[in-house]
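Engineer: could you look at this predicted model? Sequence included:
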Amino acid sequence: MTNIYNHILQSKISNQKLLAILLDPDKIDLNKAGILIEKINQSPATHIFIGGSLVENNIIDELIIKIKQNSDLPIVLFPGNPSQISDKADAILFLSLISGRNPDFLIEHQVKAVPILKQTDLEIISTGYILIESGTQTAVEKVSKTKPLDRNNPELVLATAQAGEMLGNKLIYLEAGSGAKQAVPLEMIKKVAQNIEIPLIVGGGIIDLQGIQKAYNSGADLVVIGTAFENDVDFFNK
Ligand code: 1GP
């Protein structure tokens, strides 16, 4: 497996846009995972992200094994907490919720994750995770007990992203929240993309192909699609 972060960087440099399908293990029936993986293989996805705000079942290992048997796509953990770490994946977005002021999600979970991560060969990709207000309270907001940043305050969002970059994060993730009513504003994506050097991930509330294209056109390097694919596995054929 090649280095996943380097590939993201190279893709950014060559303006090759990336697409991740997010699978929430809580919402997956392992018996039907075969069909799901087939659909992912037929889609333009370049990565599979695995995780969720809660994840109460423990099928993560099994799910990843099944994906690996049927797909060559890189599998990246996108964990809500350290219990979602699996050594079966290829990499992990080592997230710090820098839009919030809850120390648990800024550093506590990360400290707790270290002994687990040290036992794995996962590629660790430090990611500044920024939650943007999106119309209703999303699961991330509830679980993390943090306030999202004002969607009408792009300056603050940019300063937060730049602080993440200066702190050494390798990626910035602008998140509206899973199933968000409103996706991250395009102007905000543009402003952040133009003023950071590191790759930019955008996700939450993107429900159609035009939405993906618009996020790319605004400067997103990687777009994450969860709910839309969950609701319709033929989403990418439309
Ligand atoms: C959530 O950004 C991802 O963390 C995907 O969101 O489920 O709304 O596509 P959706």
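Structural biologist: Perfect, thanks for sending it. Numbers count the residues shown, from 1 in each chain.

Engineer: pretty sure residue 40 is in a helix, no?
Structural biologist: Yes. Looking at residue 40 with DSSP: H, G, I helix; E, B strand; the rest coil, it is inside a helix.

Engineer: mind telling me what element the closest residue to it other than its chain neighbours is part of?
Structural biologist: Excluding the flanking residues, the one nearest residue 40 by CB to CB, 6 or more residues apart in numbering is residue 21, at 5.5 Å. C-beta coordinates here come from the backbone N, C-alpha and C atoms, glycine included. Using DSSP states H and E, residue 21 maps to strand 18-23.

Engineer: from the rest of the structure, what touches that strand?
Structural biologist: 8, 11, 36, 40, 43-51, 63, 76, 78, 178, 201, 203, 212, 221-226, 229 (CB atoms under 8 Å, 6 or more residues apart in numbering).

Engineer: within its sheet, name the partner strands of it and how each one runs.
Structural biologist: strand 47-50 (parallel), strand 222-225 (parallel) (DSSP bridges).

Engineer: quick one, which of the ones you listed gets closest to the ligand.
Structural biologist: The minimum distance between the ligand and the strands paired with strand 18-23 falls on strand 222-225, with 4.2 Å, by CB to the nearest ligand atom.

Engineer: going on from that closest one, what's the next piece of helix or strand?
Structural biologist: The helix or strand immediately downstream of strand 222-225 is helix 227-231, counting by DSSP H and E.

Engineer: what does the protein have sitting close to the ligand?
Structural biologist: Within the chain, the positions near the ligand by CB under 6 Å from any ligand atom are 22, 175, 178-180, 203-206, 224-228.

Engineer: residue contacts, residue 79?
Structural biologist: Contacts of residue 79 (CB under 8 Å, 6+ apart): 51, 55, 85, 92-93, 95, 113.

Engineer: out of those, who's nearest the ligand?
Structural biologist: When the contacts of residue 79 are compared against the ligand (criterion: CB to the nearest ligand atom), the nearest one is residue 51, at 7.8 Å.

Engineer: near the closest one, how many other residues are there?
Structural biologist: 26 (other CB atoms under 10 Å).

Engineer: shouldn't it be in contact with residue 83?
Structural biologist: No. Counting by CB atoms under 8 Å, residue 83 is not a contact partner of residue 51; they are 10.8 Å apart.

Engineer: hang on, the earlier thing: what's the spacing between the strand holding residue 21 and its chain's center?
Structural biologist: 8 Å (CA atoms, centre = their mean, to the nearest Å).

Engineer: pull out the CA atoms of that strand and give them to me as PDB.
Structural biologist: Provided in PDB are the C-alpha atoms of strand 18-23 (Å, rounded to 0.1, in the frame of the first residue of the first chain):
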ATOM      1  CA  LEU A  18     -10.600  12.800  -4.700                       C
ATOM      2  CA  LEU A  19     -13.800  11.300  -3.400                       C
ATOM      3  CA  ALA A  20     -14.400   9.300  -0.200                       C
ATOM      4  CA  ILE A  21     -17.500   7.300   0.600                       C
ATOM      5  CA  LEU A  22     -18.100   7.300   4.300                       C
ATOM      6  CA  LEU A  23     -19.500   4.100   5.800                       C
END
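
Engineer: good, we can wrap up now.
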